[in-house]
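Peer 1: Model the structure of this input:
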Amino acid sequence: MGVFVGIVVGILLLVAAIHLRRRLRGRPRTMPGRWAVRNGYIYRRDARVHLFVQGPPFDRGEGAIERVLLVGSCAGRPSLITHFGWHDAEGDGACVALVLQLPGEVAPLQVEWLGGDGEEFDDVYRVECDNPALLERVVGPRLRRAMMTGGPRERVNFRLDGDAMVVWLDGELVSARQLETVHDRATELYRSIPRGVLAEGMVVDPVPVRPRPESLRRIDIHGRHGEAWQTPVRDGADEVSVTLLVEAAWPRLSIVAYEWMADHYNATSFDKPDPSAHPLVDIMFAVRSTDDTFRRQVLADLADWLPLDDRTRRCGLLLESDPPDEDDETPPVGRITAYTPGQLDDEELVGLLADVVHEVGQRLSQQSYRYRRMKLPLVDLPQQV
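Peer 2: Alright, predicted model coming up:
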């Protein structure tokens, strides 16, 4: 009997030891991993935030390397936290940043910490915003108090741009307190933004309106009418666009390759669109539209071609139409536009864009051409001035 009891006890101890070993093995060994488990984030090693987020603080130095990527929720919104480093002529740098997906599009606004231990907001922060109405509504007393919380080492930077809010803290990641700081401060800052600015729960056009200058160059695109023009974009660069004119009344739809968007696209979006029925397209391209039915229709026409033609990874594509005039009985004017950084006098580049829009025009089905845009509810957001 004693032998039997000893065997049972030995087996129980062995099972307990195996169970304990498995638990210890599954426990995160790194400080960011342990923080992620405690705060409902997932520690990731297979994603690149630089693929989706443009502008500060991700535009500093060269050879940016992500050392940590946590994916989770902040203030009830999808978010990610990244720790990354870079190198430039002045040496090495590092940063901890949280990116939160906003429920609507907003104009660019940035609040940058200037350093120092001043006690007044205006002494230690610089605000940049070209939209006075947005500036007045967002940078109010509540946001100012949140930005001044804590000591100088906990002063964060803050940016709104498109559908992303970014909060970052410069320096190497050495303690969980830095992760807590960017997470807690992002929660406070998001909740300080008026709901009218974020247009929460309302439909917002996810495709930016591209400006069209008054001076256009008429061109022939394989025997059809087209236009070409050049426009300035950020950082003093120029973009050249080529448009094929068609008869259509479409909602706006954009197609951009992730690898191209990381370097040239002027949006700031860290999340991918909803999955479609075409996994290879989803991996390589961001396809966005205000009308998901139209998105599915266009993808059905182009999914077999987009991943195989390398020209689609050298430019962005936009389908749209001119605003309808209820008193005008003329057919609606639709536009298939390809655009990329460059100059209008680069005939080879203009020719490439013309070939791309021609190819799209040939591949779109009659169902796509006959599609009519849905009426969307308007969102009361401040207009840029």
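
Peer 1: Need the phi and psi values for the closest residue to Asp355 other than its chain neighbours.
Peer 2: Sequence neighbours aside, Arg311 is the residue nearest to Asp355 in space, at 7.0 Å (criterion: CB to CB, 6 or more residues apart in numbering). (C-beta placed from N, C-alpha, C; glycine too.) Dihedral angles of Arg311 (phi, psi; degrees, to the nearest 10) stand at phi -70, psi -30.

Peer 1: State the pLDDT value of Arg311.
Peer 2: Per-residue pLDDT puts Arg311 at 93.

Peer 1: how about low-confidence regions in the stretch 101-250 of the chain?
Peer 2: Where the stretch 101-250 of the chain drops to pLDDT under 70, the residues are 199-215, 233-236.

Peer 1: Surely the residue nearest to Asp355 is in contact with Leu352?
Peer 2: Yes. In this structure, Arg311 is within contact of Leu352 by CB atoms under 8 Å, at 6.3 Å.

Peer 1: Of those two, which one has the most company?
Peer 2: Leu352 (17 against 12; other CB atoms under 10 Å).

Peer 1: need the helices for the stretch 51-200 of the chain, in chain order.
Peer 2: 121-124, 132-138, 141-147, 176-192, 195-198 (DSSP state H, counting those that start in this stretch).

Peer 1: Pick the most buried one from the ones you listed.
Peer 2: Most buried of those, by mean neighbour count (mean count of other CB atoms under 10 Å): helix 176-192, with a mean of 19.

Peer 1: just checking, what packs against the longest strand along the chain?
Peer 2: Longest strand in the chain by number of residues (criterion: DSSP state E): strand 91-113. If contacts are counted by 3 or more CB pairs under 8 Å, 6 or more residues apart in numbering; DSSP states H and E, strand 91-113 sits against strand 77-88, strand 125-128, helix 132-138, strand 157-170, helix 176-192, helix 195-198.

Peer 1: List the contacts of the nearest residue to Ala286 once chain neighbours are set aside.
Peer 2: Once flanking residues are discounted, Ala286 sits nearest to Val256: 5.3 Å by CB to CB, 6+ apart. Neighbouring residues of Val256 by CB atoms under 8 Å, 6 or more residues apart in numbering: 265, 285-286, 316-317.

Peer 1: With neighbour count and distance to Val357 as new columns, can those be given to me in TSV?
Peer 2: Below are the contacts of Val256 laid out as TSV (neighbours: other CB atoms under 10 Å; distance: CB to CB, whole Å):
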residue	neighbour count	distance to Val357
Tyr265	19	18
Phe285	28	16
Ala286	22	19
Gly316	23	11
Leu317	23	8
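
Peer 1: between these, which is nearest Gly342?
Peer 2: Gly316 (12.2 Å; CB to CB).

Peer 1: those strands in the stretch 151-300 of the chain, which residues are they?
Peer 2: Along the stretch 151-300 of the chain, the stretches classed as strands by DSSP state E, counting those that start in this stretch are 157-170, 217-221, 224-232, 238-247, 253-257, 285-289.

Peer 1: Adding distance to Leu189 as columns, could you present those in TSV?
Peer 2: Converted to TSV, the strands of the stretch 151-300 of the chain look like this (distance: least, CB to CB, whole Å):
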stretch	distance to Leu189
strand 157-170	6
strand 217-221	45
strand 224-232	31
strand 238-247	32
strand 253-257	29
strand 285-289	26
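
Peer 1: Which of those strands sits closest to Leu114?
Peer 2: Closest among the strands of the stretch 151-300 of the chain, once you apply CB to CB, is strand 157-170, at 10.0 Å.

Peer 1: Which strands or helices does that closest one pack on?
Peer 2: The contact analysis (3+ CB pairs under 8 Å, 6+ apart) places strand 157-170 against strand 91-113, helix 176-192.

Peer 1: what does the last one contact?
Peer 2: The one in question is helix 176-192. Applying CB under 8 Å, 6+ apart, the contact partners of helix 176-192 are 31-32, 34-35, 39, 70, 74-75, 77, 79, 81, 96-98, 100, 138, 140, 142-143, 146-147, 149-150, 154, 156, 158, 165, 167-169, 171, 173.

Peer 1: one more time with 6 Å, if that's ok
Peer 2: Defining contact as CB atoms under 6 Å, 6 or more residues apart in numbering, one finds that helix 176-192 is touched by 31, 35, 74-75, 96, 98, 100, 142-143, 146, 154, 156, 158, 167, 169.

Peer 1: how's this protein carved up into domains?
Peer 2: Listed domain ranges for the chain are 31-198, 217-370 (source: automatic domain parsing).

Peer 1: give me the beta-bridge partners of the residue nearest to Tyr41 when sequence neighbours are not counted?
Peer 2: Distances taken as CB to CB, 6+ apart place Gly72 nearest to Tyr41, at 3.4 Å, with adjacent residues excluded. On the basis of DSSP bridges, Gly72 is bridged to Ser79.

Peer 1: per-residue pLDDT, Gly72?
Peer 2: 84.

Peer 1: swap in Gly361?
Peer 2: For Gly361, the predicted pLDDT is 95.

Peer 1: tell me the contacts of it?
Peer 2: 244, 336.
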